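Chemist: Have a look; sequence and predicted model below, questions after that.
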Amino acid sequence: MKSPARFISWLIPAVCLIALAAWSWHAMQPAPGAFNSDDFGTLPVVSNGRVQPLASLARNQLLAIQGKQSIPGENPPSSPAGWLAELAFKPQVADKRPIFQIHHDEVLGQFKFSQQDGKSYSFIQLVPRLGDLAGEVTRIASKDSQTWSPYEKALMKLWRNLGNYQQLKFAIAHPESGGLEADLTLLLAKAREAQAEGAKRARGEPADAALIDAAEARMQVLTEWSTQTEVFTAPPSIGGSDSEWHKLPDAAIEATERGTLDPSTLAFARMGDAWRSGDAAKFNSTLAAHLGWLEKHRPENLRKARAEAAFNRLAPFYACMAIYGIAFLGALISWLGFGTVLRNAAFRVLLIGLAIHTLGLIVRMTLEGRPPVTNLYSSAIFIGWGAIVLSLSLELFYKNAIGTAVASITGFATLIIAHHLSLSGDTLEMMRAVLDTNFWLATHVVIITLGYSATFLAGAIAIFYIIRRCFGRVPSTAAASMRGMVYGVICFATLASFVGTVLGGIWADQSWGRFWGWDPKENGALLIVIWNAMILHARWGGMIKERGLMVMAVFGNIVTSWSWFGTNMLGIGLHSYGFTDSAFFWLTAFALSQLLIMAIGSAQHHPKNNPALPAL
Amino acid sequence: MSRQAQRNGALGAAIAVFSSLRLTVVLLGLCMILIFSATLLQVELGIHEVQLRYFRAWIGWFDVVPGSARFAVPFPGGMTLGSLLMVNLLAAHIRRFSLRWEKAGLILVHTGIVLMLLGELFTAVLSEESQMRLSEGKTANFSVSPREIELALSCPDDDGSLRVSAIPLSRLKDGAEFPFEGFRLRIVRFFHNSEIEKAEAAGASFDPLRADRGKGARLAVREKHRETAMDRRDLTSAFVEISLPDGTPIGRWLLANALAGGEGFEVNGRPWEMAIRQRRFYHPFSIRLLDFTHERYLGTQIPKNFSSRIRLLNPEHGEDRETLIYMNHPLRYGGLTFYQAGFENDDTTSILQVVRNPAWTMPYFSCAMVGFGLLWIFSQHLIRAIARRRPTVDA
């Protein structure tokens, strides 16, 4: 290879690396504004059953409510954590931001809006009608959620979002308290006085009944407040377990017995007052002092929260998407000209993408303390990763850029799917009891997901083959290598999906007492095994040749997507977890597109020079 | 193939068909159609019913228009396809059998698959599933079938112990008669699944028959379709008549698994009790629930763990020990396996799934065999591909 060409094949990946570095640098820049909302976002709290930074709480809530992290309205806070601070400390401002999305006509009608009014509404706009809607919500909630109509689903989703939004308001502050630190200090002082009066009353001496009643009323407010949030802000003392965190109002109630507020409650109260009065210096110094306290008393929680907050800001999987896009273009253009140079460049760019993808997976695994696949979202991330690793080995073997092209497009597509799945909320959620076993998650789940990866990969190569043939005859070497790739990958897919499926059966035997229960998800996995076995037997029996192999491999995509998503949509069985309705539309569209490609593939002329594989 | 078939006549042709890869592919394709369609039907029929009607049946009937039972077409069921695949597999191996290293993987894979299919068959025939409901502090020496019911009659023996006779579900039919010591029991009407209503509130669709004795005397019954959802049970009921051997009637009772407690009557001065209840399996040991815990993740309803601390009592072996049953960690004892399956009564009652499945180890072996076999075959492919590839790489 000539030196300028060699130079270019390194230049492109180098430019990508520089762009990545710039992206990360930009992402880690402090948000503009006097208040240090970045560090505020790293404060650990317990929500959804796990320790997480406030930034994640805010981010997941924004994603669930409006499907994006950016904040609408005038002078928007620069980060989700800033928005959370605003929501808690200045709710009257946050309530005016149009973050609630209403698309359904009948739901709009319930609020006396129409399509002309737009789709985004603020809390202030919705609140007048909420009282009237409570009855409707109760009616829907009493029905089986499987039977909800699209209108009912949309209304319930909005209602849930409104509820979570309100919960967040009460997480670290009380919307009606003008100065929380003063209120809480007063509470402690008066509680002590009331105790003294109560003791007098118990002795039969004259006591100040008004004082006792006022103290009781204050405690009542705290008790009510406690029911309005599920966020736990006060950590236990050193060495306490993560299940011993307290909500802010509960911590305040406990403080009345001790006589002093715990550091976290005091810090949140002070930060809230500083935010409200616009005193950035006080906010930042309180925050810094509290972070120092956490560093000493809950170092593990703080470290984890910081790592997760940084991970969210760096968003490695978004960077991967861009990198895979570039690798794909490089591979595509390499077929038009500049073969070796671009092929090598694209391969190296893909390696960079894979490195980040792998790093992202490892960080997620460390944060969760779990194997890579724990829910639908992480399965998408891992399917992409598996397909890329497999096709990289193909590329090393065949060196014709097909591996690179297929790897990058599969990686890109699965990350897009992952992105859409992440919109449903927390992607690092806790595992339900039966799934709480790292052994089976690491074996059954990982292996079966690799089976998905391989089946999709074979299908993707086959699609390439069919599209390539639309542009004329495929050179026999290229055809032979694609045939070899598809065949090899299907072999691997058969192995992984079979072993994965049976391991799933063994897990079921361990936890439910039956090896095989004909549950939809189990059946879906079995369909993949059978389909792959069918392709292999048809090939060995000489029933299909090159074209047949490709067409059948494309159908593998439909079978796998059915097993991955379709079975969850039936809403029955032990595997029916997490999924959204719009997935049904996309699944159908995907299946139709695959059928179309199969039809095109079948209509193509039979290629010559196509020896059958020797039967075993 | 065809020349060979002509030479060997009809038998040879049959062997050729049964051992062909074409048949394998067709059968696998039919399996896919069956599994996919039956999975969709689970929404309507429930997992259990679909298993019985399609996977564990020789012929499955599919409605042409889903939901309307007007016109159905037959389709080979799981048993048919499984048996044919087995025949196909054996025939192919017998015809092409040769003991060579290259074939070792193939033989291993297929033996593993045969083992797995047999394991499923044995499980279908031999396994028994039941449930043990234990409240904290309570002891039980039996488990009950979640789906099957029985009609049990009991009477104290002279030595004070209780003698129980049970009539299984399969013999409970309208008009069936059972002779007992000193009386006869006749099933007047049997309802597999039913609805029970106060007689005065019951409409015309209810059976006109009424009981003249016992708790059910003021109740009416109506037949219902069998339950399909996994978490719902049939409410089985029956009107039974007790009469003396000479035909003198003693009375007519309504029995149902939903009516708590049994019905009592006296014959020849001996008190009898009868009840329709979930079928019971008695064990030679008993289990006492010491404590049930249900942990949730902080601030959520997501279950973190369910566990039952139990005491295992087996006087015959002098056993009296404590053990913990929790998610993914069943107790295997006396040929039975106890799994943590559920809970009720505000977390004070634990439900254990009790399974007797003598074939439970078969999938473990078959999985290992097929896994190694496939690895063997595909590494052979890979080595060959690399060997083919090498000269061009060097060039």
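Modeler: Cool, the structure landed.
Chemist: the domain parsing of chain B - what is it?
Modeler: Taking automatic domain parsing as the reference, chain B has its domains at B:2-126+B:362-394, B:129-139+B:282-356, B:145-281.
Chemist: Which SSE is immediately downstream of the worst-scoring helix or strand of chain B on mean pLDDT?
Modeler: Least confident helix or strand, chain B: helix B:2-18 with a mean of 69, by mean pLDDT, DSSP states H and E. Sequence order places helix B:21-45 as the next helix or strand after helix B:2-18, per DSSP states H and E.
Chemist: how about that next one: buried residues?
Modeler: B:21, B:23-28, B:30-32, B:34-36, B:38-39, B:41-43, B:45 (16 or more other C-beta atoms under 10 Å in any protein chain shown). No exception for glycine: its C-beta is placed from N, CA and C like everyone else's.
Chemist: Kindly report the same for stretch B:213-227.
Modeler: B:Arg213, B:Gly214, B:Lys215, B:Gly216, B:Leu219, B:Ala220, B:Val221, B:Arg222, B:Glu227.
Chemist: how many other residues sit next to the residue of chain A at minimum distance from chain B?
Modeler: For chain A, the residue closest to chain B is A:Gly49, as judged by C-beta to the nearest C-beta, at 2.7 Å. Neighbourhood size, A:Gly49 [other C-beta atoms under 10 Å in any protein chain shown]: 22.
Chemist: Which residue comes closest to it once chain neighbours are left out?
Modeler: Nearest residue to A:Gly49, sequence neighbours excluded (C-beta to C-beta, 6 or more residues apart in numbering or on different chains): B:Tyr297, at 2.7 Å.
Chemist: Now the phi/psi pair for that neighbour, please.
Modeler: Note on B:Tyr297: its backbone torsions stand at phi -70, psi 140 [degrees, to the nearest 10].
Chemist: in the stretch 101-250 of chain B, which ranges drop under the pLDDT threshold?
Modeler: Confidence mapping of the stretch 101-250 of chain B against pLDDT under 70 gives the ranges B:228-231.
Chemist: the strands in it, which residues?
Modeler: Per DSSP state E, counting those that start in this stretch, the stretch 101-250 of chain B carries strands over the ranges B:128-135, B:139-156, B:162-168, B:177-180, B:183-191, B:194-198, B:219-223, B:237-243, B:249-256.
Chemist: now do chain A
Modeler: Assigned by DSSP state E, chain A shows strands spanning A:44-47, A:50-53, A:100-101, A:120-121.
Chemist: What strands line up against the last one, and which way round?
Modeler: Its sheet considered, strand A:120-121 pairs with strand A:100-101 (antiparallel) by DSSP bridges.
Chemist: quick one: average pLDDT of the strand it pairs with?
Modeler: Mean pLDDT, strand A:100-101: 91.
Chemist: do you know how far whichever residue of the stretch 201-350 of chain B sits closest to chain A is from A:Ala433?
Modeler: Closest residue of the stretch 201-350 of chain B to chain A, C-beta to the nearest C-beta: B:Tyr297 (2.7 Å). Per C-beta to C-beta, to the nearest Å, B:Tyr297 is found 10 Å from A:Ala433.
Chemist: repeat for B:Cys155
Modeler: With distances taken as C-beta to C-beta, B:Cys155 is found 44 Å from A:Ala433.
Chemist: Also A:Pro299?
Modeler: Per C-beta to C-beta, A:Pro299 is found 29 Å from A:Ala433.
Chemist: what about the two, which has more around it?
Modeler: A:Ala433 (22 against 11).
Chemist: closest point of the stretch 51-200 of chain B to chain A, which residue?
Modeler: B:Gln51 (5.1 Å).
Chemist: Let me know whether that residue touches A:Trp516 as I believe.
Modeler: No - if you go by C-beta atoms under 8 Å, B:Gln51 and A:Trp516 don't touch, sitting 9.7 Å apart.
Chemist: The two: which has the busier surroundings?
Modeler: A count of neighbours by other C-beta under 10 Å puts A:Trp516 above the other of B:Gln51 and A:Trp516, at 22 against 19.
Chemist: what sits against the more buried one?
Modeler: Counting by C-beta atoms under 8 Å, 6 or more residues apart in numbering or on different chains, A:Trp516 makes contact with A:Gly505, A:Ala508, A:Glu522, B:Glu120, B:Thr123, B:Pro363.
Chemist: Tell me which two in those are the farthest apart.
Modeler: A:Glu522 and B:Thr123 (14.2 Å; C-beta to C-beta).
Chemist: Of the two, which one has the most company?
Modeler: Neighbours were counted for A:Glu522 and for B:Thr123 using other C-beta under 10 Å; A:Glu522 has more, 23 against 20.
Chemist: Pairing-wise in the sheet, spell out the partners of the residue sitting nearest the centre point of chain B.
Modeler: What sits nearest the mean C-alpha location of chain B, by C-alpha atoms, centre = their mean, is B:Glu129, with 6.1 Å. B:Glu129 has the following beta-bridge partners by DSSP bridges: B:Val355.
Chemist: likewise the one 4 residues further on?
Modeler: Beta-bridge partners for B:Arg133, by DSSP bridges, are B:Ile351.
Chemist: again with B:Thr139
Modeler: Beta bridges link B:Thr139 to B:Arg288 when assigned by DSSP bridges.
Chemist: isn't it right next to B:Phe285, touching?
Modeler: No - assessed by C-beta under 8 Å, B:Thr139 is found out of contact with B:Phe285, at 10.5 Å.
Chemist: what sits in contact with each of those two?
Modeler: Listed as contacting both B:Thr139 and B:Phe285 by C-beta under 8 Å, 6+ apart are B:Leu313.
Chemist: re earlier: now for B:Tyr297 and A:Ala433: what residues contact both?
Modeler: Between them, B:Tyr297 and A:Ala433 have B:Lys304 as joint contacts when contacts are counted by C-beta under 8 Å, 6+ apart.
Chemist: Any idea which residue of the stretch 1-150 of chain B lies closest to chain A?
Modeler: The minimum distance from the stretch 1-150 of chain B to chain A, using C-beta to the nearest C-beta, falls at B:Leu21 (3.1 Å).
Chemist: who's in contact with B:Asn141?
Modeler: For B:Asn141, the contact set (C-beta under 8 Å, 6+ apart) comprises B:Tyr282, B:His283, B:Pro284, B:Phe285, B:Ser286, B:Ile287.
Chemist: what's the burial count for A:His290?
Modeler: For A:His290, the neighbour count with other C-beta under 10 Å is 20.
Chemist: My read is that it contacts A:Phe40, right?
Modeler: No - under the contact definition of C-beta under 8 Å, A:His290 does not touch A:Phe40, with a separation of 9.7 Å.
Chemist: Overlap in contacts, these two.
Modeler: Contact criterion C-beta under 8 Å, 6+ apart; residues shared by A:His290 and A:Phe40: A:Met271.
Chemist: The nearest residue to the residue of the stretch 51-200 of chain B closest to chain A once chain neighbours are set aside: neighbouring residues, count only.
Modeler: Nearest residue to B:Gln51, sequence neighbours excluded (C-beta to C-beta, 6+ apart): A:Trp518, at 5.1 Å. Number of residues near A:Trp518 (other C-beta under 10 Å) recorded here: 21.
Chemist: Against which helices or strands is the helix ranked longest in chain A packed?
Modeler: As assigned by DSSP state H, the longest helix anywhere in chain A is helix A:476-511. The contact analysis (3 or more C-beta pairs under 8 Å, 6 or more residues apart in numbering or on different chains; DSSP states H and E) places helix A:476-511 against helix A:376-398, helix A:402-422, helix A:438-440, helix A:446-470, helix A:520-540, helix A:546-561, helix B:362-394.
Chemist: Export these as CSV, with columns for distance to A:Ile323 and mean pLDDT.
Modeler: As requested, these are arranged in CSV below (distance: least, C-beta to C-beta, whole Å; pLDDT from 0 to 100):
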stretch, distance to A:Ile323, mean pLDDT
helix A:376-398, 11, 92
helix A:402-422, 8, 91
helix A:438-440, 30, 80
helix A:446-470, 18, 94
helix A:520-540, 29, 94
helix A:546-561, 24, 95
helix B:362-394, 29, 80
